[in-house]
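**Q** Fold the following, please.
(one chain, ligands or ions: 1)
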Amino acid sequence: MELLNARRSVPSIDLREPGPDAATLERIFTAALRVPDHGGLTPWRIQIIAGAARQRFSAAIAAAYAAEVTPPDEAKAAKLVGGPLRAPLLLVVSSKLRRPHKVPEGEQLLSGGALCQNILLAAQAAGFSGFWYTGWTAYSPGVKRALGIELSEHILGYIALGTAGRVPQERPRPAIADVVSEWRGE
Ligand SMILES: Cc1cc2nc3c(=O)[nH]c(=O)nc-3n(C[C@H](O)[C@H](O)[C@H](O)COP(=O)(O)O)c2cc1C
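**A** Numbering: from 1, shown residues only. I've put the predicted structure just below:
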């Protein structure tokens with residue numbers, strides 16, 4: 001409960017070296033893969049973008065933005081292109097949906113979302129911090145193509161991982177009473 005109650009996202013800009021090494025990453029994945037998954041479909045994939053591949057991914061984002069956005073917003077482009085370079089390590093979690101299947105697509109996507117959350121929790125348990133983000137690059141056909149992700153699939157999240165240089169101020173959470181109620185069926 002202590003770990004769960006201390007969970008925080010640390011924005012990529014505040015994630016420093018070191019990132020998790022290969023052995024730690026394997027421990028993170030081992031824990032994260034214990035995810036609820038209706039029908040055991042494994043309807044998701046994880047890609048690791050590390051080291052010099054971050055620059056190559058950055059270049060792929062620049063190319064996709066130039067091809068897909070006219071006129072370009074230079075400030076936005078610079079922010080997107082800088083995204084993969086901010087943290088030591090980047091994960092891309094995408095869907096790999098089974099279609100048609102009696103397990104609805106929404107449930108398969110939810111399993112992928114749970115996987116993202118598991119990765120964040122496992123990373124924090126291993127002493128690292130992370131940030132789950134999406135934005136323009138998660139919806140760009142050119143970016144999906146560069147990653148080898150089918151256009152019909154979804155990028156569920158980028159997860160930046162590293163060591164927290166700064167932990168953000170606590171943010172207000174919903175009051176339990178505002179979101180939890182008891183259904184009595186009377
Ligand atoms: C699917 C998903 C996509 C998100 N995308 C972004 C994003 O693109 N940019 C961003 O600033 N936060 C994004 N967030 C929110 C952050 O991951 C984070 O939850 C938020 O900053 C609050 O911090 P906390 O997790 O410590 O409460 C996203 C969250 C989810 C679940």
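
**Q** didn't Ile49 look like it was pressed against Val93?
**A** No - Ile49 is not in contact with Val93 according to Cβ atoms under 8 Å; the separation is 11.7 Å. In this view, the C-beta of every residue, glycine as well, is placed from N, C-alpha and C.

**Q** Helix or strand next in line after the lengthiest strand in the chain, which one?
**A** If you go by DSSP state E, the chain has its longest strand at strand 155-164. Downstream of strand 155-164, the first helix or strand assigned by DSSP states H and E is helix 176-179.

**Q** Quick one: distance of that following helix to the chain centre.
**A** Distance of helix 176-179 from its chain centroid, counting by Cα atoms, centre = their mean, to the nearest Å, is 27 Å.

**Q** again with stretch 136-151
**A** 14 Å.

**Q** What mean pLDDT does it get?
**A** Average pLDDT, stretch 136-151: 98.

**Q** could you say what helices and strands the longest strand of the chain packs with?
**A** The contact analysis (3 or more Cβ pairs under 8 Å, 6 or more residues apart in numbering; DSSP states H and E) places strand 155-164 against strand 15-16, strand 89-95, helix 105-125, strand 129-133, helix 141-147.

**Q** if we compare these, which one ends up closest to Ala6?
**A** Closest to Ala6 of those, according to Cβ to Cβ: helix 105-125, at 7.6 Å.

**Q** anything in that closest one near the ligand?
**A** No - Helix 105-125 lies out of reach of the ligand by Cβ under 6 Å from any ligand atom, never closer than 6.8 Å.

**Q** same deal with stretch 87-96?
**A** No - judged by Cβ under 6 Å from any ligand atom, stretch 87-96 makes no contact with the ligand; its nearest approach is 9.7 Å.

**Q** ok, now stretch 39-52?
**A** No - Stretch 39-52 lies out of reach of the ligand by Cβ under 6 Å from any ligand atom, never closer than 13.2 Å.

**Q** For this structure, what lies in contact range of the ligand?
**A** Going by Cβ under 6 Å from any ligand atom, the residues of the chain near the ligand are Arg8, Ser9, Phe131, Trp132, Tyr133, Thr134, Gly135, Gly157, Arg171.

**Q** From these, pick the one nearest Ile61.
**A** With Cβ to Cβ as the yardstick, the closest approach to Ile61 among those comes from Gly135, at 10.4 Å.

**Q** My understanding was that that closest one contacts Leu80; is that so?
**A** Yes - applying Cβ under 8 Å as the test, Gly135 and Leu80 come out as touching, 7.1 Å apart.

**Q** Compare the two and say which is more crowded by neighbours.
**A** Leu80 (21 against 13; other Cβ atoms under 10 Å).
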